[in-house]
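Asker: coords below, sequence missing:
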Ligand SMILES: NC(=O)c1ccc[n+]([C@@H]2O[C@H](COP(=O)([O-])OP(=O)(O)OC[C@H]3O[C@@H](n4cnc5c(N)ncnc54)[C@H](O)[C@@H]3O)[C@@H](O)[C@H]2O)c1
Ligand SMILES: O=C(O)C(=O)C[C@@H](O)[C@H](O)[C@H](O)COP(=O)(O)O
Ligand SMILES: [Zn+2]
């Protein structure tokens, strides 16, 4: 298969995104990156390591001085500074130096945390992303947003720090649970909604094939989604402008994620947040009611929630005010002008937000 995309920064190739069907190609890529003879720390979680740690070690060990692993308990509740601290300790105990390499083998939690450790350990060591969840393949492994949560406030501590390689083995999706797969579809649908109406309608047409995990359909879908993410982050690596569009659904989505104490999946919360942002776009008259219902129905068709129960509207609003897109007192909201075309809007009022929040509360 061997699909390769290259992410460029300042018009120079920075790193490749490779779509493969196994881990075997990793060896050659690490060698080409001059990583042979180094120590490797594979960072993974308790679910992913069970399936793929041995295979990953096998694929890289003849390249390495040492292959060690740091495994933490799976789940968003582990994406915090305690886990980071335990990881630093292991790196220090094993004498990892500046030229050694970290490998993020897992979903977005593993990728974000490993990237943050890589950005900060010894003021920066090299790392590669080996995403194994759909969400990590299409979104989190690309673009160098790394970080961890702080007291359940999402991604409050982090850094922009780019991987040296993104290597995905698409066959790992076979062991991903259905609800985790659906969560990844949330970010994927987001890419269509904000940037590519053709992708959006293609996803709709192929709902059955996607849910049946038809390999060729998944491969095309992942490739198209990676292309969108790559193009956005290349133009605006540090979110000074249009990269914020990737945050569609996240202002309210991250609040719901925090207030639900990290018990809902990220992609599920993004789906709820997208329902709210789409609602504001409709109320503003940017999109019509048909398009609003269209988006809600697509999210539902991919078994994503569009509402949540047990939360207060005021609480959701207050937590939203800690959004990373805040500029003084202004929340830069992402709204839709049409399917495939999103804009950053700094004029959304408290009343509009509360109105939208009520629309997502059961
Ligand atoms: N950095 C970014 O640009 C970016 C983008 C989107 C999301 N994120 C972050 O990503 C995280 C969500 O990512 P996620 O949905 O991958 O969560 P995750 O890493 O928790 O993975 C989801 C679950 O699937 C399991 N899993 C992963 N791959 C598997 C496989 N192949 N087989 C079996 N089980 C597997 C994991 O162990 C976990 O239990 C959130 O923390 C979110 O904030 C970051
Ligand atoms: O890559 C980006 O930029 C994104 O915003 C992608 C989002 O899907 C992702 O969840 C990101 O981590 C959110 O960033 P944050 O800065 O709002 O924490
Ligand atoms: Zn996200």
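Answerer: Nice, thanks for sending it over. These numbers come from a predicted model, not from an experiment. Ligands and ions are numbered 1, 2, ... in the order given.
Asker: Please count neighbours and contacts with C-alpha atoms only from this point.
Answerer: Will do.
Asker: now the residue nearest to residue 272 when sequence neighbours are not counted, what's its secondary structure?
Answerer: Once flanking residues are discounted, residue 272 sits nearest to residue 306: 4.3 Å by CA to CA, 6 or more residues apart in numbering. Under DSSP: H, G, I helix; E, B strand; the rest coil, the three-state class of residue 306 is coil.
Asker: wait, doesn't residue 306 sit right on residue 296?
Answerer: Yes: counting by CA atoms under 8 Å, residue 306 touches residue 296, with 7.0 Å between them.
Asker: what do those two both touch?
Answerer: residue 275 (CA atoms under 8 Å, 6 or more residues apart in numbering).
Asker: And the pLDDT for the residue nearest to residue 272?
Answerer: Looking at residue 306, its pLDDT stands at 98.
Asker: ok, which residues in the stretch 51-200 of the chain are in contact with ligand 2?
Answerer: Contact residues (CA under 6 Å from any ligand atom) of the stretch 51-200 of the chain with ligand 2: 143, 145, 155.
Asker: How much space separates residue 289 from residue 240?
Answerer: 32 Å (CA to CA, to the nearest Å).
Asker: out of those two, which sits in the more crowded spot?
Answerer: residue 289 (15 against 10; other CA atoms under 10 Å).
Asker: where's the closest residue to the more buried one other than its chain neighbours, which helix or strand?
Answerer: Nearest residue to residue 289, sequence neighbours excluded (CA to CA, 6+ apart): residue 282, at 6.3 Å. Residue 282 belongs to helix 266-283 when elements are defined using DSSP states H and E.
Asker: Report whether that helix contacts ligand 1.
Answerer: Yes: interface with ligand 1: helix 266-283 contributes residue 266 (CA under 6 Å from any ligand atom).
Asker: Which elements pack onto that helix?
Answerer: helix 178-195, helix 250-259, helix 289-301, strand 333-338, helix 350-360 (3 or more CA pairs under 8 Å, 6 or more residues apart in numbering; DSSP states H and E).
Asker: Establish whether that helix and ligand 2 are in contact.
Answerer: No: figure legend: helix 266-283 not in contact with ligand 2 (CA under 6 Å from any ligand atom); closest approach 7.4 Å.
Asker: quick check: mean pLDDT across that helix?
Answerer: 98.
Asker: Could you do stretch 48-59 as well?
Answerer: 98.
Asker: just stretch 65-84 next, same as before
Answerer: Mean predicted confidence for stretch 65-84 is 98.
Asker: and among the helices and strands packed on helix 266-283, the most buried is which?
Answerer: helix 250-259 (a mean of 26; mean count of other CA atoms under 10 Å).
Asker: how close does the residue nearest the centre of the chain sit to ligand 1?
Answerer: The residue lying closest to the centre of the chain (CA atoms, centre = their mean) is residue 140, at 2.8 Å. Applying CA to the nearest ligand atom, to the nearest Å, the value for residue 140 to ligand 1 is 3 Å.
Asker: Check residue 187 too.
Answerer: In terms of CA to the nearest ligand atom, residue 187 sits 7 Å off from ligand 1.
Asker: Who are the contact partners of residue 108?
Answerer: Residue 108 neighbours (CA under 8 Å, 6+ apart): 131, 133, 135-136, 140-141.
Asker: could you pick out which of the residues of the stretch 51-200 of the chain next to ligand 2 are near ligand 1?
Answerer: Applying CA under 6 Å from any ligand atom to these, those adjacent to ligand 1 are residue 145.
Asker: All the helices of the protein, residue numbers only.
Answerer: For the chain, applying DSSP state H gives helices covering 26-32, 46-60, 81-93, 108-120, 134-135, 178-195, 197-205, 207-211, 215-235, 250-259, 266-283, 289-301, 313-320, 350-360.
Asker: Name the residues of the stretch 201-350 of the chain found near ligand 1, please.
Answerer: residue 266.
Asker: Where does the stretch 201-350 of the chain get nearest to ligand 1, residue-wise?
Answerer: residue 266 (5.4 Å; CA to the nearest ligand atom).
Asker: tally of neighbours for residue 263?
Answerer: Residue 263: 14 neighbours (other CA under 10 Å).
Asker: Is the residue nearest to the centre of the chain in contact with residue 111, as I believe?
Answerer: Yes: between residue 140 and residue 111 a contact is recorded at 7.1 Å, counting by CA under 8 Å.
Asker: Closest residue of the stretch 51-200 of the chain to ligand 2?
Answerer: residue 155 (4.7 Å).
Asker: Just give me the neighbour total for that residue.
Answerer: Around residue 155 there are 20 residues (other CA under 10 Å).
Asker: Now for it: which residues touch it?
Answerer: Counted by CA under 8 Å, 6+ apart, residue 155 has contacts 146-149.
Asker: export the helices and strands packed on helix 266-283 to CSV and tack on mean pLDDT?
Answerer: Below are the helices and strands packed on helix 266-283 laid out as CSV (pLDDT from 0 to 100):
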stretch, mean pLDDT
helix 178-195, 98
helix 250-259, 97
helix 289-301, 98
strand 333-338, 97
helix 350-360, 97
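Asker: Same list (the ones you listed) but as a markdown table, adding distance to residue 28.
Answerer: Shown next, in a markdown table, are those (distance: least, CA to CA, whole Å):
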| stretch | distance to residue 28 |
| --- | --- |
| helix 178-195 | 29 |
| helix 250-259 | 37 |
| helix 289-301 | 40 |
| strand 333-338 | 41 |
| helix 350-360 | 48 |
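Asker: Of all the ones you listed, which one is nearest residue 227?
Answerer: helix 178-195 (9.9 Å; CA to CA).
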